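Undergrad: structural data only, the sequence is not supplied:
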């Protein structure tokens, strides 16, 4: 860690460290089922939920559940049973220090009836350890794949200021893995919204191994927290993809700052270290080891992301978030370690407005309305990569390299617990790209934004329904059209710019259905069916028609 980074971390701690502390910060997995439950309760107007940026803190989830318990008379029978179930998981985060009893357990239930593999709970220290295991089968359209994983999920607190967590998961897949994952013959990058995999160990057409590790250490102060670790940041709303920051790209090391100075205003900043997958030939050197593994030490170009966001609660259920991010490369820049700096303006000044010396900046916006219309969630996202305001409506000179999502859903439609929705996403040509290869909007060559990249639009309708407590059904239909990525020359020099969906490549229609049941806390049973009709004109290896069936269980979340 260089001196500039040490200095910024010291400034953070000295500036925000105060005596009056709130509960320790522990980030909750964004895939936890409590998120969907609370989002629907916010959509009905029972609570306010600040979830534009995820992951969110466990204490925020716990407080929201506690508020719902105070309104239990307004909940349906299914909603109340689910509330009791989720409180088993999060009640521990609400208990006052003075009421905590010293206890140690191994394969027993804790004081709140939550089964745990191992735990230690004391006034000044806690540790919770659960396994993270799964088994899954994938079949259909010539597929025969078995997936098994193992790992652990560990989290807890130290004193009144510190929280920590560690998640590890190792996955082995056997069978027709090449047919399932491959878009081309060079890598395993299936075209879907799931988090991308990083292969480890020995792999072939019939076996692959991949793993993920996430860990953070968190320091809490009055009205905020600072975290240092490795995780994902998800920004904005989207049913099957997000255009600003999605969970498609693997996790990365980061520093995160969250601060809420007043009730209606929140500030978020993070700085991350990305993998460019571009070899730095000036720093790569021979190892003189007799030819083992190429006789070379490979060093990649350094790549970073910095982002900050202001979130405004305009009124109950109505939220606006405005943010900026920058992708830069080659060496760590202290200017982007300043949370309140204006990244794009700073970068323009630093580079003397020379495009070859600058970085890749973005602006974005999210608006969300919950229960302004009864039981309805309306949302819209805007991502601006580049735009010429003076010629925004001039087709011959405009450079409207932007994307947007518009969505709406209504819950308790016709019958309690039925949610119906629709969403439209469009991303114009050249969004996410840059003339400097180490500054594209990617991590390990996976998009940080939407999984479909640029030059596409996607229309979707979806439905969710809980027939019984914790038994969830969801279905969606997607209609997608995609053009080519285009050339860097056209991106910066063509006038007029290539039209939307130019170099047309793909028409794809998907149907997806899933049933899931959380039998006990963190033990999930799932089955799904997906039908893909893909008319791919580029010969990239995607089948024209594909049926995929999956069934399995997991204890823990990835």
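TA: All right, it came through fine. A quick note: this is a predicted structure, and the numbers were derived from the prediction, not measured.
Undergrad: low pLDDT regions in the protein?
TA: Applying pLDDT under 70 to the chain picks out residues 1-23, 97-98, 183-187, 390, 537-543.
Undergrad: quick one, helices of it?
TA: Counting by DSSP state H, one finds helices in the chain at the ranges 3-16, 33-43, 58-69, 77-90, 177-181, 343-350, 488-493.
Undergrad: nearest to residue 297, of those?
TA: helix 3-16 (23.9 Å; Cβ to Cβ). In short, each C-beta sits where N, CA and C put it, glycine included.
Undergrad: give the contact list for residue 145.
TA: 137, 138, 139, 173, 174, 175, 176, 177, 180 (Cβ atoms under 8 Å, 6 or more residues apart in numbering).
Undergrad: wait, the fourth one touches residue 146, no?
TA: Think residue 173. Yes. Assessed by Cβ atoms under 8 Å, residue 173 is found in contact with residue 146 at 7.2 Å.
Undergrad: still on that earlier bit, residue 155 is nearest to which of the helices of the chain?
TA: Nearest to residue 155 among those is helix 58-69; the distance by Cβ to Cβ comes to 8.2 Å.
Undergrad: now for the closest one, which elements pack on it?
TA: helix 33-43, helix 77-90 (3 or more Cβ pairs under 8 Å, 6 or more residues apart in numbering; DSSP states H and E).
Undergrad: can you say which of those helices is nearest to residue 239?
TA: Here helix 33-43 is closest among the helices and strands packed on helix 58-69 (Cβ to Cβ), at 11.5 Å.
Undergrad: give the other helices and strands that that closest one contacts.
TA: Helices and strands touching helix 33-43, as assessed by 3+ Cβ pairs under 8 Å, 6+ apart, comprise helix 58-69, helix 77-90, strand 376-386, strand 401-411.
Undergrad: and those: which comes nearest residue 419?
TA: The closest of these to residue 419 is strand 401-411. By Cβ to Cβ, the value is 4.2 Å.
Undergrad: can you report how many residues lie near the residue nearest to residue 154 when sequence neighbours are not counted?
TA: Among residues not flanking residue 154 along the chain, residue 166 sits closest, at 4.5 Å (Cβ to Cβ, 6 or more residues apart in numbering). When neighbours are defined as other Cβ atoms under 10 Å, residue 166 has 18 of them.
Undergrad: does residue 166 touch residue 212 like I think?
TA: No. Here residue 166 does not reach residue 212: they are 11.6 Å apart, not a contact under Cβ under 8 Å.
Undergrad: related to what we said a few turns ago, with neighbour numbers in mind, choose between residue 173 and residue 146.
TA: Using other Cβ under 10 Å, the more surrounded residue of residue 173 and residue 146 is residue 173, with 23 against 15.
Undergrad: so what's that one up against?
TA: By Cβ under 8 Å, 6+ apart, the contact list for residue 173 reads 145, 146, 147, 207, 208, 209, 210.
Undergrad: look up how far residue 523 lies from it.
TA: Distance, residue 173 to residue 523, by Cβ to Cβ, to the nearest Å: 22 Å.
Undergrad: ditto for residue 135
TA: 12 Å.
Undergrad: what do the two both touch?
TA: Contacts common to residue 135 and residue 523, judged by Cβ under 8 Å, 6+ apart, are 553, 554.
Undergrad: most distant residue from the middle of this structure?
TA: Residue farthest from the centre of the chain, counting by Cα atoms, centre = their mean, is residue 290 at 43.0 Å.
Undergrad: got the phi/psi numbers for that one?
TA: The phi/psi pair for residue 290 (degrees, to the nearest 10) reads phi 80, psi 20.
Undergrad: ok, back up a step: out of the contacts of residue 173, name the ones that lie in strands.
TA: Residues of the contacts of residue 173 located in strands (DSSP state E): 145, 146, 147, 207, 208, 209, 210.
Undergrad: now do the same contact list for residue 515.
TA: Residue 515 makes contact with 471, 472, 473, 526, 527, 528, according to Cβ under 8 Å, 6+ apart.
Undergrad: so what's the residue count around the residue nearest to residue 548 when sequence neighbours are not counted?
TA: Leaving aside its chain neighbours, residue 548 sits nearest to residue 530 (4.5 Å; criterion: Cβ to Cβ, 6+ apart). Using other Cβ under 10 Å, residue 530 is surrounded by 17 other residues.
Undergrad: how about residue 530, what does it touch?
TA: The contact partners of residue 530, taken as Cβ under 8 Å, 6+ apart, are 510, 511, 512, 513, 546, 547, 548.
Undergrad: relative to residue 162, which of the helices of the chain is closest?
TA: Closest to residue 162 of those is helix 3-16 (Cβ to Cβ; 11.9 Å).
Undergrad: now that we have the contacts of residue 145, which of them are buried?
TA: 138, 139, 173, 175, 176, 177, 180 (16 or more other Cβ atoms under 10 Å).
Undergrad: mind putting the residues you listed into TSV with distance to residue 304?
TA: What follows is the buried ones among the contacts of residue 145, written out as TSV (distance: Cβ to Cβ, whole Å):
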residue	distance to residue 304
138	36
139	42
173	32
175	38
176	38
177	33
180	33
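Undergrad: ok, the nearest residue to residue 547 once chain neighbours are set aside - contacts?
TA: Leaving aside its chain neighbours, residue 547 sits nearest to residue 140 (4.3 Å; criterion: Cβ to Cβ, 6+ apart). For residue 140, the contacting residues are 546, 547, 548, 549, by Cβ under 8 Å, 6+ apart.
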